[in-house]
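Participant: Structure, please.
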Amino acid sequence: MSAYGPITRAALEHGPLPTKLWTAGSVSARPNYVTTHHLTISSALSLDGLLDYLSVVFAKEVDDGFTYPQEGVIDRPTFDGYFFSADVFVAIVGETGQISERKEGDIDIDINTARNKRPWKECVAGFYYIKPNYPGRSSHICNAGFIVPPTHRGRGYGSLLAKSYVQYAPMLGYQASVFNLVYVNNHASVK
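Facilitator: The predicted structure follows:
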């Protein structure tokens with residue numbers, strides 16, 4: 001929902017965008033890569049426990065008051081309606097020995113293989129949506145909302161999410177981007 005009312009995203013003609021591998025070269029955390037996976041609400045519903053985990057992380061983020069303007073209780077249906085009214089990308093932390101060649105770019109690995117039976121809390125490096133910022137003839141301008149769970153902060157994953165966003169947004173047909181709201185006390189976003 002926006003100030004203009006509901007804004008729907010364009011339907012994808014060719015299914016989900018390709019999974020990509022991103023490396024955090026200078027970060028000392030091991031492993032130092034993530035894979036990003038394009039999800040919709042229907043694909044996310046098939047991943048047992050993922051939406052529950054993401055909604056808990058989002059609700060805590062909202063409750064902390066540093067990044068999102070929402071107030072009050074954020075339950076699962078509210079999260080699903082807000083976050084998954086758009087294209088969502090989930091970054092999964094790579095595992096040592098899982099991928100031999102860590103070259104950035106397209107990679108043939110699905111989210112369950114990347115997860116490798118780990119709990120979502122252990123392997124979700126971050127997630128974000130991309131959605132139109134305006135309706136109609138301005139719907140080519142998008143915005144995004146990013147979250148790095150507290151357990152994965154300080155490892156460079158937020159930068160990898162931003163880097164992936166710069167590639168994925170044009171692939172979804174967007175021609176420009178605007179960030180409506182960044183709180184000054186959100187130090188990771190303003191540095």
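Participant: Give me the three-state assignment for the most far-flung residue of the chain relative to its centre.
Facilitator: Seen from the C-alpha centroid of the chain, the residue lying at the greatest distance (C-alpha atoms, centre = their mean) is residue 137, 25.5 Å away. Residue 137 carries the three-state label helix when classified by DSSP: H, G, I helix; E, B strand; the rest coil.
Participant: Report the mean per-residue pLDDT for the strand ranked longest in the chain.
Facilitator: Assignment by DSSP state E gives strand 124-132 as the longest strand of the chain. Mean pLDDT, taken over the full extent of strand 124-132, equals 95.
Participant: Tell me where this protein has helices.
Facilitator: For the chain, the helices defined by DSSP state H occupy 41-45, 50-64, 76-83, 111-115, 120-123, 157-171, 187-190.
Participant: Using PDB, write down the CA coordinates of the fourth one.
Facilitator: Provided in PDB are the C-alpha atoms of helix 111-115 (Å, rounded to 0.1, in the frame of the first residue of the first chain):
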ATOM      1  CA  ILE A 111      17.200 -22.000  -2.400                       C
ATOM      2  CA  ASN A 112      16.800 -25.400  -0.700                       C
ATOM      3  CA  THR A 113      20.100 -26.600  -2.000                       C
ATOM      4  CA  ALA A 114      21.800 -23.400  -0.900                       C
ATOM      5  CA  ARG A 115      20.100 -23.700   2.500                       C
END
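Participant: Can you tell me what sits against that helix?
Facilitator: The contact list for helix 111-115, computed with C-beta atoms under 8 Å, 6 or more residues apart in numbering, reads 19, 35, 37, 39, 47, 90, 92, 94, 98, 123. Yep, even glycine has a C-beta here, placed from its N, CA and C like the rest.
Participant: Quick check, pLDDT for residue 15.
Facilitator: At residue 15, the pLDDT value in this model is 80.
Participant: And it, how close does it get to residue 36?
Facilitator: As for residue 15, its distance to residue 36 is 16 Å (criterion: C-beta to C-beta, to the nearest Å).
Participant: Lovely, talk soon.
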